[in-house]
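J.: could you work out the structure for the sequence below:
(2 chains)
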Amino acid sequence: MNHPPKWADRFLRWYCKPELLEEIQGDAYELYFERLDSQGKRHADRKYIFDVLRFCRWSNIKKVNSKYQSNKVPVSMVKNFYFTAVRNLLRHKSYFMINISGLAIGIASFTFIALYIINELSYDRFHANHKKTYRVSNHAIIRGEPNRDATTSAPMAKTLLARYPEVLKATRLLKSGPLLVGKGGRKINEEGVLYADAPFFEVFDFKLLKGNPKTALVHPRSMVLTRSYANKYFGTDDPMGQQITVDEDSIFYTITGIADDIPANSHIKFDMLGSMSTNDAWNSNRWVGTSQHTYVILNESTEVAALEEKMRDIFYDHMAKEIEFYTGLSMAEWEGAGNSVRFKLTPLKDIHLYSTSTGELEPTGNIRYIRIYGIIGLIILFIAIFNFVNLATAHSTSRAREVGVRKVIGSTKRNLVFQFIFESVIVSMIAMFIAVVLVTSLTPSFVDLMGKGLAYGLTSHYIGWISIIGFAIIVGVIAGCYPAFVLSAFRPVDVLKGALKTGAKAGWLRNLLVTLQFAASIVIIIGTLAIYHQIDFMLTKNLGFDKEQILVVKRSDWLKSPMDVFKNDLLKNPDIQAVANSETIPGKPYKIRSYRRKDDPETFLFLNNQVTYDYLQIMGLKLISGRFFSKEFSADSNAVVLNESAAKAFGWEDAVGKTLTSAFKKGRPLTVIGVVKDYNIESLHKKVAPVSLELAPEVNDYLTIKMSNSRNIRKTVQSVEDTWHQYSGDKPFQYFFFDEDYERLYRTESRTGRVLMVFATLSILIASMGLIGLITYAASNRKKEIGIRKVLGASVANLITLLSGETVRLIVIAVVISWPFAYFATEYWLQNFADRITINPWTYLIATLAIVLIVGFAISFQTFRAATGNPSDSLRDE
Amino acid sequence: MNKRNYLGEFEELILLSVASLADDAYGVSVMKYINQETHRNVNISAVHEGLKRLERKGFVKSNFGGATHVRGGRRKRFFILTDFGQSALEDIMTLKLQLYRKVPNFNIKLT
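T.: Alright, predicted model coming up:
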C-alpha cells in the first residue's frame, strides 16, 4: 500500500503538539494521496516531506513540560534503578570485573595524558602579562643554514629600552653552570644559579614571599632563594640578610628575598636567583657572542612584525661593525656569502611548544608530540568504551526479560533508556574511582616516564573533582547510549515468549567495534616499532667517530697546574688510553669560522673545533689523506684538518698541502695537512656539515678521556676524580659519558618510544580483555550446541575453530585496515629525520603476529575450556 | 473601530476564503481556493497558521467533522465565520471603499 515516508511521519508525530496532530496530519495525508494520483509517488513523497518540515513551526511544536506528556523520573524509580543495577553487577561478577577494569585503565591512561597535555599547554600562562611578553631571539643565517638562538647579546635589553618607546620593560637572564655553594663550612655542588636583571619581578609574576621585588636584584651579589632552598640552607632560621658563598670561598652573596617554588609549567626554573649586576662582563657592550636571554614587555598596541622590522637597525648600527672587525669582511661581502642576522620576538607563551631555537633555558616541548599523545589517549579511552558497548549489547539477553516485564507493567521507553544509561554511569563512576586511585598512586612513575613534573594534580583542586565527576558522567553516557537503545527497544511480546535471538541485533556493530579496537592497536604497535627501529638506527649507525668508553670532564680550566702535568698523571693509570682536550665535542654546539682559498675572495664558513694532539685517536676519526696534528711539526699551529664535506666545498680533489686564510688567524696562511672522513657532529635530524679542526694545545673546555677497556669503569672514574681533586683544589668534579650524552640528542624520540610502548601495551590489554569477555559469553551461550556437536563426534580442534573463527576473521579485517594507516603515520613521523630508515615489511608482520598471538592466547583458555568440557555436564540439565 | 479588527493581508484573504467556502472550509480546501483564485502558491502550513491566528482573534470558530476515508480516517476541522468575523469583513470593505473614492483621477468600477 502507498504510504508517505515513514520517517517523516514519525518526525511529525514526534514534534507536533498532540492536540494539533489530527488536523495537520489529516490535511497532509489528503494532499499526499491527491498528489499520489496526479503526480506519482516520488513527487508526492517529496512534497509530503516538505510539508512536514514546513509544519515544524514554533506554534506546532510540543513544549517540554507540556501537560500532555510526562518525562519526569520519580525519585523512587531512581532508587529502584540503582538497586537493579547493583544486583545485576553482583550477579555477573566476571563481566562486571572486565568492564570496570577495562574502563578504569582506559580512563586512568586518558587522565594521565590529559594532565600532561594540560601541563604543556598551560606553560608560562600564569604571568599576568604573558600576552604582552616576548623573548628576543637571534635568527641568523650562516652559510645559507638557518641558525636560531634563544640568547642575544648583552647590550640588547638596554638598547631596546632606549630606542623604542613600545618596549615598556626588559630583563635579561643568564644561566650559570654547576657551582659550589657554601654556608658555614658546608659546601654543596649546585646545578647552577640563574642571574637576572633588577626588573625581573616586574616582568614575571614569580611570587616573592619575603623581600622587596623592586630592589631584591639591584645590588651586586644579591641572591633570591626559593622557599625549599631557603629551607635547605637555613632551615628554620630567617635567611634574609644572611650570606652564602658561591664558587669561591671568598665570594659572598647576600640573601635579599625568598620566592615561592617555581611551578612545573614555567620554562624559567630556578632555585637560586642572583643579580646580573654581579659581574661586569655580563653588562658589557659587546654584540658578537650571545649568552643572555632577553625578555621584554611591549605596549599593548604594538605591531610586533613592524617592531621586528625596525629592530634590523640595531643589527646594522651595532652588531654589523663588530662582525666586520672580526671576520675582516665588509657587510656586503658577509651578506653576499649567504649570511644574515635578524632579531625576532617570540611570544612568551609559544616558547615552550613552538620554539625551534637552540640555547633554551630548558628543553622545549613539541606540539606534534602533544598531538600524537592526545590521539593515543583518545584511542585508549575509546577502546575501553567499545568494550563496554560490546559487552553490554552481548549481555542484553540477560536483561531482556526484565525489560519485557517493566514494559508490561507500564514503563515507557524513555524510562528504560534512562535506566540503562543510569546504570552505565554507575559503572563508569566506579571505574573512575578506581582510575583516580590508579592515577594518584602511579603519578611518580608517570612523571618518571615523561621526564616531567606536572603542574596540576588530579585531586589538588576542586576543578579537578568537578571534571572527574563530569567526565565519568560523559563516559557513562557515551558508553551506555547504544546499549540503552538496544535494550529498551525489545518488544515485550517477543521477549516474554522467548523468541529473542542472542544479542543478534547488534552483531554487526560489535564486529565493527572489535575490528576498530584491533586496527588501532596494530597501528600503535607498528608506530612504536618504527620509532624503536629509527632510534636504534641512529644510535648504532656508523657516525664516523667512536663514542664508547669515553669519559668527558667539564671545566678543566679550574685545574691549577698545567694541563700536561695533569694529563701525564692520568695516563699513569693503565686503564686510561689517551687524554685530549677540545673546545667542543659532537652533540654540543660548534662555533663558526670563515675561510678563504689563497688568492680567492670567496668566503666559506665551516663549523670549527679547537683540539689537541690526541683528539683524532680518542674520537676514532678516520684519516682519508694527509696526517693529523703532531708535536713533531712545530708549524702545526698554522695547520688545518678538514672533513670531506669541507674539502668538497672548496672543490678540491686532494686538499692536502693547499693553503687557506682565516680572519680568526688574522689572515695568516694556513696549510691543510689532512682530510678526515665525514662524521655526524649533530643529530641525524640534520645532514653532515663541513667541519674544520685547528690545533689549540691550551684549549680546556672539554677534557676527553678514552678508557682502554670497559671492565673497571667505576674504578677508573674514581681515580680520575681523585686526580682531579688533587689538581683543582676541590672544585666540583663534573663528568659524563660521551655515548650517554650523545644519546640525549634523541631524548624526545626515546621518550616518545617508551611512552608509546606503555600505551600500546595498555591498549592491547584492554582490547584483549574485551575479547575475552565476548568469547566467554559466546561460549556459555553455545554450551548446549557444543555439547551436542561433541556427542555427534566433533573434535576439540573443530570446536576451537568454530568458537574463534569469527574473531580470526575480524582480526584479518583489522590488519587490512590498519596497515595503510600505520604506513602513513610512520612516514609522517620519519620525515623529521635527514637520515632515516625505510620501514621493513617485517615490522608490519611482526606487529600483526604479536597481536594475533596475544589474542590467541587470550581467547584460547576460554575456547579450550569450552571445547574440552564434558558434554554430559552441559546437556544433563534438560 | 475595535482594535482587533486589524487584519493582515494574508489573514484577510483566508477570512474571505472561509466566508466564500461556507460549510466546506478546512485547511486543504482553503489552500486550494486561494491557489485557484489568486494563482499564488500557498503552502498548507501557512494556511494552518493563518486559520489558527484568526480563530485566536475570534474571527472564525471551528468544529471537527465526521471521520473520512481519504485522510486515513482522520477528521477534518471545519471553520466558519463568527458574527464578529462577518462584521469585520464588512468594516474593512466599507473602509476600503471610503478610501478608494477619495483617490483623485482614479476610477474604479465598482459593481
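J.: chain A contacts on chain B?
T.: Taking Cβ under 8 Å from any Cβ of the partner chain as the criterion, chain B approaches chain A at residues B:26-28, B:43-46, B:48-49, B:52, B:64, B:68, B:70-72, B:74-77. Yep, even glycine has a C-beta here, placed from its N, CA and C like the rest.
J.: now the end-to-end length of stretch A:706-722.
T.: Using Cα to Cα, to the nearest Å, the end-to-end distance of stretch A:706-722 comes out at 17 Å.
J.: can you list contacts of it?
T.: Residues from elsewhere that reach stretch A:706-722, judged by Cβ atoms under 8 Å, 6 or more residues apart in numbering or on different chains: A:548-551, A:553, A:570, A:573-579, A:617-618, A:705, A:733, A:735.
J.: what are the buried residues along it?
T.: Neighbour counts over stretch A:706-722 (16 or more other Cβ atoms under 10 Å in any protein chain shown) mark A:Lys706, A:Met707, A:Thr716, A:Val717, A:Ser719, A:Val720 as buried.
J.: which two among those residues are spaced furthest apart?
T.: A:Lys706 and A:Ser719 (14.5 Å; Cβ to Cβ).
J.: and the residue of chain B that's closest to chain A?
T.: When scored by Cβ to the nearest Cβ, chain B has B:Arg74 as its residue closest to chain A, at 3.5 Å.
J.: just for chain A, where's the confidence low?
T.: A:1, A:64-73, A:498-506, A:877-878 (pLDDT under 70).
J.: distance check, the closest residue to A:Val304 other than its chain neighbours against A:Thr843.
T.: Counting by Cβ to Cβ, 6 or more residues apart in numbering or on different chains, A:Val304 lies nearest to A:Leu345, which is 5.3 Å off, once chain neighbours are set aside. A:Leu345 is 44 Å from A:Thr843, where distance means Cβ to Cβ, to the nearest Å.
J.: quick one on the thing from earlier: in strands, which of the buried residues of stretch A:706-722 fall?
T.: Taking DSSP state E as the definition of strands, the buried residues of stretch A:706-722 contribute A:Lys706, A:Met707.
J.: of all the buried residues of stretch A:706-722, which comes closest to chain B?
T.: Proximity of these to chain B (Cβ to the nearest Cβ) peaks at A:Val717, which lies at 88.9 Å.
J.: name the SS class of the residue positioned nearest the centre of chain B, please.
T.: The C-alpha lying nearest the average C-alpha coordinate of chain B belongs to B:Leu15 (Cα atoms, centre = their mean; 1.4 Å). Secondary structure, DSSP: H, G, I helix; E, B strand; the rest coil: B:Leu15 is helix.
J.: and the helices in chain B?
T.: Using DSSP state H, the helices of chain B run over B:9-21, B:27-38, B:44-57, B:83-101.
J.: looking at those helices, which is nearest to A:Thr515?
T.: Smallest distance to A:Thr515 across those (Cβ to Cβ): 45.5 Å, for helix B:44-57.
J.: can you work out which other helices and strands pack against that closest one?
T.: In terms of contacts (3 or more Cβ pairs under 8 Å, 6 or more residues apart in numbering or on different chains; DSSP states H and E), helix B:44-57 is packed against helix A:18-39, helix A:41-55, helix B:9-21, helix B:27-38, strand B:60-64, strand B:77-81.
J.: output the contacting helices and strands for the longest one.
T.: If you count contacts as 3+ Cβ pairs under 8 Å, 6+ apart, helix A:18-39 packs onto helix A:6-15, helix A:41-55, helix B:27-38, helix B:44-57, strand B:77-81.
J.: buried stuff in the third one?
T.: By neighbour count with 16+ other Cβ under 10 Å, helix B:27-38 contains the buried residues B:Gly27, B:Val28, B:Ser29, B:Val30, B:Met31, B:Lys32, B:Tyr33, B:Ile34.
J.: so what touches it?
T.: Taking Cβ under 8 Å, 6+ apart as the rule, helix B:27-38 contacts A:23, A:26-27, A:30-31, B:13-14, B:17-18, B:20-21, B:40-44, B:47-48, B:51, B:76-77, B:79.
J.: recalculate using a threshold of 6 Å.
T.: The contact list for helix B:27-38, computed with Cβ atoms under 6 Å, 6 or more residues apart in numbering or on different chains, reads A:Asp27, A:Glu30, B:Ser17, B:Leu21, B:Val42, B:Ile44, B:Val47, B:His48.
J.: closest one to A:Val447 among the helices and strands packed on helix A:18-39?
T.: Counting by Cβ to Cβ, A:Val447 lies closest to helix A:6-15 out of the helices and strands packed on helix A:18-39; the figure is 51.8 Å.
J.: buried residues in the closest one?
T.: Per 16+ other Cβ under 10 Å, helix A:6-15 contains these buried residues: A:Ala8, A:Asp9, A:Phe11, A:Leu12.
J.: and what of stretch A:348-366?
T.: A:348-349, A:351-353, A:355, A:357, A:359-361, A:364-366.
J.: low-confidence stretches in chain B?
T.: B:1-5, B:105-111.
J.: circling back: tell me, how many residues neighbour the nearest residue to the residue of chain B closest to chain A once chain neighbours are set aside?
T.: Leaving aside its sequence neighbours, B:Arg74 sits nearest to A:Gly26 (Cβ to Cβ, 6+ apart; 3.5 Å). Taking other Cβ atoms under 10 Å in any protein chain shown as the criterion, the count of residues near A:Gly26 is 23.
J.: I figured A:Gly26 hits B:Gly72, correct?
T.: No - if you go by Cβ atoms under 6 Å, A:Gly26 and B:Gly72 don't touch, sitting 7.5 Å apart.
J.: from the contact counts, what lies against the helix or strand where A:Ala847 lies?
T.: Using DSSP states H and E, A:Ala847 sits in helix A:841-868. Using 3 or more Cβ pairs under 6 Å, 6 or more residues apart in numbering or on different chains; DSSP states H and E, the elements in contact with helix A:841-868 are helix A:507-540, helix A:747-781, helix A:796-830.
J.: in the first one, what counts as buried?
T.: Buried positions in helix A:507-540, judged by neighbour count with 16+ other Cβ under 10 Å: A:510-511, A:513-535, A:538-539.
J.: now do that helix and helix A:747-781, the angle between them.
T.: On the basis of axes from the mean of the first three to the mean of the last three Cα atoms, to 10 degrees, helix A:507-540 is oriented at 150 degrees to helix A:747-781.
J.: starting at the chain centroid, how far to helix A:507-540?
T.: 18 Å (Cα atoms, centre = their mean, to the nearest Å).
J.: before I go, just wanted to say thanks for your time.
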